[in-house]
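S.K.: Sequence and predicted structure below; questions after.
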Amino acid sequence: MVFRLLIALACWFFAFFILRKNGGNVSSRWLSFSIFMLGLEPFAAAFERYVYDQPQPFNTINGGIHTAVLAMTYVYVFYTPYAAFTASMYMSDNLIPRRLRAFLAYGIALVTTPLSLTFQTFPKVDYDFRWIGPLGTLFMWGGTVILAISYLKEKNLVLRKNRERTLIVFGISILWMGFTEYLNVKRMVLGLDQRIHDSVLIDGFKYSDYINMVGSSFILFFLIYAIRTGMFGIKVQIERQNLDNTMMALTTGTAILGHTIKNEMEKLEYLGGRIKAQMHSDNRERLEELVDSIPGVTDHLRQMIARIQERTGNISLMESKLSLNGILASVISQFASVLESHRIQLIQEYGQDYTIICDPTHLQEVLNNLIMNAVDAMEPGRGVLQIRTYRSRQGVSIEIEDNGKGIPKEHFTKVFEPFFSTKNNASHYGLGLSYCYAVLRNHSGSLRIVQSEPKKGTTFALMLPSYRIVREEAV
């Protein structure tokens, strides 16, 4: 009894800490809920042994415990696979769209509840697993498959590592539970006068202690693994492994403001140099064009300052509906003189235009950072900057490719960290990509390195999810 209680308490302790550390995240809430559900079985089994092994007479206290055991058994049997499958879906946000996740979560719940009520639950449990077993196994193993595909599909090396840990800790656990608690069971009867546990391959009643010992070993191993690796917000080492948890250090007002000013000052310097060169020429039209570019730079800087003053320490979104190609055109126009002075060839390959819901100020600043990084990485006179847009199942993406210095593979997992920079220059604060990452995450999107190789160039891709697309515009 004590051993089973300790296992249940370990599960609930784990679930509580996940909820406490990352309760604002919907995937963490589902994960916490599913781990809590996993703890119901050993908790109910502990009291089952206590109640039914007691000599008669059967008293009121035992009757109350019996009722509680039946209730926990009902919830565990019918809703643990549902919770595990839903948690797997929400932790695989790169695989299953947000609306589909919500639809499946509600749909499965609506189907599971009425079906569960067709079985006898009181005054005794009598469950025929001819459909409960296969369906529960399908959900449990399906959740593991979803986590595995999400891991294999992830290109961002930082997120890929987190998905690998989730697959190890959570995926293998529900794989084991799917076999022992569902696929291996034929019938379960739990009552005051009768207890039946018919099994398919392994006698679950006879060898329950051994099965629980294996399951408990899994839980203990995974709990230690999660603590050591800092998963789900549980940390025993003073280190920052979760990139999202470092965003507060990144997004302090002075840091972002300093980085924005640096970028805008570089644009103004380029414009100033070009204006000075054009003053001695007869090309008045070109001179006016350069002068007209200055308000765009100063307006963007003014907006960033105002936004930082509104809410220092966080990236708050002020969303509106705008043309994606229009946003790109606005950013490119500000870089016209920069690209000209560096003699960089610009190639634009835009697909269908889309009206998107976004924060234009922050999204333009992300594009500013990525383009400025590309310009800095390329050799003047030989640079080729390519900007592409395309639609995928996940959403709409923008790729920015250069043929510059490239990023070494050992830095792939570090470039999105705050204050890390590959540029050996005191004026570069290592904030650009961290800021870009934070903005895209706040848009429920992503930023990743598609490919990069030293001396051959780098390609970054930023993605906005499908639900942010309002409509397609005619080309």
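M.R.: Cool, the structure landed. In this text the structure is predicted, and so the values were computed from the model without any measurement.
S.K.: for the protein, what's the longest helix?
M.R.: Determined from DSSP state H, the single longest helix within the chain is helix 60-91.
S.K.: next helix or strand past it?
M.R.: Using DSSP states H and E, the helix or strand that follows helix 60-91 towards the C-terminus is helix 98-116.
S.K.: Surely Met188 forms part of a strand?
M.R.: Yes: per DSSP: H, G, I helix; E, B strand; the rest coil, Met188 lies within a strand segment.
S.K.: and the residue nearest to it when sequence neighbours are not counted, how many residues sit next to it?
M.R.: Among residues not flanking Met188 along the chain, Tyr127 sits closest, at 4.6 Å (C-beta to C-beta, 6 or more residues apart in numbering). (Glycine included, C-beta is placed from N, CA and C.) Tyr127 sits with 22 neighbouring residues when counted by other C-beta atoms under 10 Å.
S.K.: Give me the contacts around the host helix or strand of Tyr127.
M.R.: Per DSSP H and E: Tyr127 is located in strand 125-128. The contact list for strand 125-128 (C-beta atoms under 8 Å, 6 or more residues apart in numbering) reads Leu70, Thr73, Tyr74, Val77, Phe119, Gln120, Arg187, Met188, Val189, Leu190, Gly191.
S.K.: wait, the first one sits on Phe122?
M.R.: This means Leu70. Yes: applying C-beta atoms under 8 Å, one finds Leu70 in contact with Phe122, separated by 5.8 Å.
S.K.: can you redo the contacts of strand 125-128 as JSON lines with pLDDT and distance to Ser444?
M.R.: Shown next, in JSON lines, are these (pLDDT from 0 to 100; distance: C-beta to C-beta, whole Å):
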{"residue": "Leu70", "pLDDT": "80", "distance to Ser444": "41"}
{"residue": "Thr73", "pLDDT": "81", "distance to Ser444": "38"}
{"residue": "Tyr74", "pLDDT": "84", "distance to Ser444": "36"}
{"residue": "Val77", "pLDDT": "86", "distance to Ser444": "34"}
{"residue": "Phe119", "pLDDT": "77", "distance to Ser444": "39"}
{"residue": "Gln120", "pLDDT": "72", "distance to Ser444": "44"}
{"residue": "Arg187", "pLDDT": "70", "distance to Ser444": "45"}
{"residue": "Met188", "pLDDT": "73", "distance to Ser444": "42"}
{"residue": "Val189", "pLDDT": "73", "distance to Ser444": "47"}
{"residue": "Leu190", "pLDDT": "67", "distance to Ser444": "44"}
{"residue": "Gly191", "pLDDT": "66", "distance to Ser444": "49"}
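S.K.: Looking at these, which one is closest to Val396?
M.R.: Val77 (42.8 Å; C-beta to C-beta).
S.K.: hang on, isn't the closest one packed against Ile132?
M.R.: Yes: with contact defined as C-beta under 8 Å, Val77 and Ile132 form a contacting pair (6.6 Å).
S.K.: Between those two, tell me which one has more neighbours.
M.R.: Remark: of Val77 and Ile132, Val77 carries more neighbours, 24 against 20, as counted by other C-beta under 10 Å.
S.K.: contacting residues around that one?
M.R.: Going by C-beta under 8 Å, 6+ apart, Val77 touches Tyr127, Ile132, Gly136, Glu181, Met188.
S.K.: where's the dip in pLDDT among those?
M.R.: Ranked by pLDDT, the contacts of Val77 bottom out at Met188 (73).
S.K.: Just give me the neighbour total for Trp131.
M.R.: 10.
S.K.: gap between the nearest residue to it once chain neighbours are set aside and Glu41?
M.R.: Of all residues not flanking Trp131 in the chain, Leu115 sits nearest, at 8.0 Å (C-beta to C-beta, 6+ apart). Between Leu115 and Glu41 the distance is 20 Å, computed by C-beta to C-beta, to the nearest Å.
S.K.: Strands along the stretch 351-475 of the chain, start to end?
M.R.: Under the criterion DSSP state E, counting those that start in this stretch, the stretch 351-475 of the chain carries strands at the ranges 353-358, 384-391, 395-402, 446-453, 457-465, 469-473.
S.K.: Mean pLDDT and mean neighbour count for those - can I get that in CSV?
M.R.: As requested, these are exported to CSV (pLDDT from 0 to 100; neighbours: other C-beta atoms under 10 Å):
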stretch, mean pLDDT, mean neighbour count
strand 353-358, 94, 19
strand 384-391, 95, 17
strand 395-402, 94, 21
strand 446-453, 89, 18
strand 457-465, 93, 21
strand 469-473, 75, 13
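S.K.: Same list (those) but as JSON lines, adding distance to Asp376.
M.R.: Shown next, in JSON lines, are the strands of the stretch 351-475 of the chain (distance: least, C-beta to C-beta, whole Å):
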{"stretch": "strand 353-358", "distance to Asp376": "25"}
{"stretch": "strand 384-391", "distance to Asp376": "11"}
{"stretch": "strand 395-402", "distance to Asp376": "9"}
{"stretch": "strand 446-453", "distance to Asp376": "14"}
{"stretch": "strand 457-465", "distance to Asp376": "11"}
{"stretch": "strand 469-473", "distance to Asp376": "32"}
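S.K.: what about these, which gets the closest to Leu6?
M.R.: Between Leu6 and the strands of the stretch 351-475 of the chain, the tightest spacing by C-beta to C-beta is seen for strand 446-453, at 40.1 Å.
S.K.: counting contacts, what elements does the closest one pack onto?
M.R.: On a contact count with 3 or more C-beta pairs under 8 Å, 6 or more residues apart in numbering; DSSP states H and E, strand 446-453 meets helix 432-442, strand 457-465.
S.K.: In its sheet, which strands sit next to it, and in what direction?
M.R.: Paired strands of strand 446-453, with direction, are strand 457-465 (antiparallel) (DSSP bridges).
S.K.: Just the C-alphas of the partner strand, formatted as PDB.
M.R.: Only the C-alpha atoms of strand 457-465 are listed here, as PDB (Å, rounded to 0.1, in the frame of the first residue of the first chain):
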ATOM      1  CA  GLY A 457      25.800  31.700 -46.400                       C
ATOM      2  CA  THR A 458      22.700  31.400 -44.100                       C
ATOM      3  CA  THR A 459      19.000  31.100 -44.600                       C
ATOM      4  CA  PHE A 460      16.600  32.100 -41.800                       C
ATOM      5  CA  ALA A 461      12.900  31.300 -42.000                       C
ATOM      6  CA  LEU A 462      10.200  33.000 -39.900                       C
ATOM      7  CA  MET A 463       6.700  31.600 -39.900                       C
ATOM      8  CA  LEU A 464       3.300  33.000 -38.800                       C
ATOM      9  CA  PRO A 465       0.600  30.400 -38.100                       C
END
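S.K.: Other residues contacting that strand?
M.R.: Strand 457-465 is contacted from outside by 97-98, 356, 358, 366, 370, 374, 377, 392, 394-404, 406-407, 436, 440, 443-452, using C-beta under 8 Å, 6+ apart.
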